[in-house]
Each structure stands twice: as C-alpha cells, then as structure tokens.
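Peer 1: I would like to see how this sequence folds:
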Amino acid sequence: MNAARGRTGRPPLTEERKAAIRLEIARAAVDLFVAQGVAATTGEQIGQAVGVSARTVWRYFPTKESCVRPLFSTGIDAIADALRQWRPHRPLQEAFDRLWTGDALLPGPDIGALLRLTRTEPGLRAVWLQTHDEAEPVFARVLAERAGLPYDDARPAIRAAMLNAALRAAVEHHAYRTDESATDPGAVRADLVAALRSAVALAAAGIA
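Peer 2: Residues are numbered from 1 along each chain as shown. Take a look at the predicted model:
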C-alpha cells in the first residue's frame, strides 16, 4: 500500500509541558528527601508522587539527586536573563529590580528546605554547586557582550565569578538561618530579597 499511515499514539509533549513535569518531579523529590532522607527515597517513590513511572523519572534525570536541579536552575536562568536586559550605563542593581517582585528567585518554600539539605547531603550539594558552575560561563558571556570584550577575556570571567559567588553565598545564608517552621512566606521572601540586594551591592563595584 502506498497510502501514508498517520501517526498513532500520544502526541509529543511540548517543551513547556516537559518543563512542567520536570518541576513537578523536583518538588516531589524535595518533599520525599525532607520527609525520609535522600538514601531512603527511590525513583519509584518520586514517580508515584507525581503520577508517572520510575522510567519517566529517569528519562528526565540521571540520578535521584539531580531531580532537584530545576529548583536551582530557575533562579539562575532568571539572573542570566536580567543581565541580558541590563541597560548600558545603568547601575547593576537596576538590572535585578524586576526580579525582586517576581517568583523566579523563589519557586516555593521547598527551595529553602532543599538548600538546608545541601549541608548534610553531598549528592544534593554537588548538584547545587554544579548548577552554579555551569551558570558562570553564561554570566561571563553576557557581561563580555555588554562590555564589548572578547569571550576569552579574563575580566568578564572574573566579574561573573564575583557575582555568582555573591549570589550563591547570599541565598545559602538566607536558607541556613531561616527557621524551618517559618509560616510567613512574605517575611521569608523579604529576607531573601534583602540578602540578594546586599550581595548585588557588594559585587557591583567590581562589575560596573
């Protein structure tokens, strides 16, 4: 037969839906990690919490610890985007003004619990540090373009490292000293924003 056969089965997932599934898996993983520890958590449990198979979990993430990566990368992606939109001859702090009132830097209360776990769970700590390590060249490239410098120039790389370290230290400091029983999301967010503003101000002198 020469007639073309139509495609059967489920339609392919959109990138938006894939991202949503990744985030659902991440949040389910954090809930389980907090409740019973990383060692006791399985891919099957993470999948059940989301309503997918363990096979689907492993399709999106290579390890159970890496399941949390979307919660880390969301804020970093927002920072890179803010740097791209940073207007010439304007203070660095101004580049992040819109982030302080958005949701990208704090996807939910689970991020604080997750960061506190990174102090005692080496696998989660490795994912956190790797996410920042991979973000640094992105920051450097944006800063190089803005300054009209070649990508292999050391100055954007150093400035990106300064900003990256300052932001990471601020977020960790906020998470580590926030009471796990805190019930006022507004107060928690205000404290995070204050920590990030301080970090940006400290880094600004070497980046402007």
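Peer 1: What's the mean pLDDT across whichever strand or helix holds residue 157?
Peer 2: According to DSSP states H and E, residue 157 maps onto helix 154-177. Helix 154-177 carries an average pLDDT of 91.
Peer 1: ok, now stretch 21-28?
Peer 2: For stretch 21-28, mean pLDDT is 94.
Peer 1: any idea how far that stretch is from the chain center?
Peer 2: 13 Å (CA atoms, centre = their mean, to the nearest Å).
Peer 1: and it, which residues are buried?
Peer 2: By 16 or more other CB atoms under 10 Å, the buried positions in stretch 21-28 come out as 21-22, 24-28. (Glycine included, C-beta is placed from N, CA and C.)
Peer 1: Sort out which of the residues you listed are in helices and list them.
Peer 2: Judged by DSSP state H, the subset of these located in helices is 21-22, 24-28.
Peer 1: What is the nearest of those residues to residue 58?
Peer 2: Nearest to residue 58 among these, counting by CB to CB, is residue 25 at 10.4 Å.
Peer 1: Report the contact partners of that closest one.
Peer 2: Counting by CB atoms under 8 Å, 6 or more residues apart in numbering, residue 25 touches 46-47, 50, 52, 57, 60-61, 67, 70.
Peer 1: pretty sure residue 175 contacts residue 119?
Peer 2: No - here residue 175 lies out of contact with residue 119, judged by CB atoms under 8 Å, at a distance of 9.1 Å.
Peer 1: Between the two, tell me which one has more neighbours.
Peer 2: When residue 175 is set against residue 119 and neighbours are counted by other CB atoms under 10 Å, the residue ahead is residue 175, at 21 against 12.
Peer 1: list the contacts for that one?
Peer 2: 111-112, 115-116.
Peer 1: tell me the pLDDT at the closest residue in space to it that isn't next to it in sequence?
Peer 2: In this structure, residue 175 finds its nearest non-sequential neighbour in residue 115, 3.6 Å apart by CB to CB, 6 or more residues apart in numbering. What the model reports as pLDDT for residue 115 is 91.
Peer 1: ok, now which ones touch residue 32?
Peer 2: 41, 45-46, 49 are the contacts of residue 32 under CB under 8 Å, 6+ apart.
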